[in-house]
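# Got a sequence here, can you model it:
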Amino acid sequence: MKRQIKYRVFSIPKKLSLELRLIFDTEKDRGNVLGEFNSNSNGDMYTVLSVYPLIMLTITRQGEPGENGQFIRPPFNPNDSLSMTRYNYSIFTLELERIYESMKVPEMYSYVGKKLQLNEDLAEKARRVFKIGPNMVVEMSPVTLVSEDDSKLEGVKLKFNNEQSSVLLTVNDLEALLFILKTLNVDAITLGLHANYLRDRNMITTSTPASQFNLLNAEVDILPKGD
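Purely as a prediction, here's the structure:
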């Protein structure tokens, strides 16, 4: 049986979520993600730990209201999730930074009166298309977005494989996502999750409340104290 630990790193409501996942084989405690090996070499005992986290960037969609007032989840689309190793996570981050830098070109956007317009020729040159893994093609393109008050904004369309799996990001969305990707300490989070798994391996299930993972051992007193 395999267990997963998911750590929600970041989310843009109704657009994107970023998670870090570890998958464990609870019968062998080793496999594609986790490997622990004990061996004797020159009389010394050592342990080699191999942990391969997955960084998941997923397009999130709002459900539709049903007959009973409950929201109905949109149908599952495998193309909505981009699964990255540490290797192609770096590639994705670099490409995202390049498309962000291309949006700063003064001629990329211009105003005709009060109407924002995109230079289609420059946008085509700035478009990034690349593969992540064997089955995922990622495309990033500068676009103009329409806000809730019908005004136009600079933005980027992020597409996974096809138009059905695409999301529009404002400049603020893009900056926030890029900052998180560039500052995310994958190793520290991975080792922390792995350490807690080893400590609580007999208790962790996919439905275990986060409070039982003991990720924070320190007690925090939120009550003010007098001098």
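# Assign residue 172 to helix, strand or coil.
For residue 172, the assignment made with DSSP: H, G, I helix; E, B strand; the rest coil gives helix.
# do the same with residue 61
coil.
# Also residue 104?
Three-state call for residue 104 (three-state DSSP): coil.
# what about it, distance to residue 15?
Per CB to CB, to the nearest Å, residue 104 is found 22 Å from residue 15. Just so you know, the C-beta spots here come from the backbone N, C-alpha and C atoms, and that holds for glycine as well.
# all strands of the protein, in order?
Ranges of strands in the chain, per DSSP state E, are 2-12, 16-25, 34-41, 44-51, 54-59, 64-65, 71-72, 81-84, 109-112, 115-118, 128-131, 137-146, 152-160, 166-170.
# still on that earlier bit, so for residue 104 and residue 15, which residue has more residues nearby?
Neighbours were counted for residue 104 and for residue 15 using other CB atoms under 10 Å; residue 15 has more, 17 against 10.
# Surely the more buried one touches residue 172?
No. Between residue 15 and residue 172 there is no contact under CB atoms under 8 Å: 11.3 Å.
# Helix or strand with the lowest mean pLDDT in this protein?
When the helices and strands of the chain are scored by mean pLDDT, DSSP states H and E, strand 34-41 comes last with a mean of 55.
# Please tell me I have it right and residue 164 contacts residue 79.
Yes. Using CB under 8 Å, residue 164 is in contact with residue 79, at 7.0 Å.
# Mind checking which of the two has more residues around it?
Neighbours per residue, other CB under 10 Å: of residue 164 and residue 79, the larger number sits with residue 79, 16 against 11.
# so what's that one closest to, chain neighbours aside?
Excluding its sequence neighbours, the residue lying closest to residue 79 (CB to CB, 6 or more residues apart in numbering) is residue 165, at 3.9 Å.
# Find me the pLDDT at that neighbour, would you?
Note for residue 165: predicted pLDDT of 95.
# count of neighbours near it?
Neighbour count for residue 165, taken as other CB under 10 Å: 18.
# Can you give me the distance of residue 169 to residue 99?
Counting by CB to CB, the gap from residue 169 to residue 99 is 10 Å.
# Repeat that for residue 13.
With CB to CB as the criterion, residue 13 and residue 99 are 22 Å apart.
# still on that earlier bit, would you quantify the distance from the residue nearest to residue 79 to residue 92?
Residue 165 is 15 Å from residue 92, by CB to CB.
# low-scoring pLDDT stretches of this structure, where are they?
For the chain, applying pLDDT under 70 flags the ranges 1-2, 25-49, 63, 65-66, 69, 201-227.
# Find the centremost residue of it, please.
residue 18 (2.4 Å; CA atoms, centre = their mean).
# tell me the contacts of the nearest residue to residue 156 once chain neighbours are set aside?
With CB to CB, 6+ apart as the criterion, residue 156 has its nearest non-adjacent residue at 5.0 Å, and that residue is residue 169. Contacts for residue 169 were tallied using CB atoms under 8 Å, 6 or more residues apart in numbering; they are 12, 15, 16, 155, 156, 157, 158, 177.
# Great, nothing more from me.
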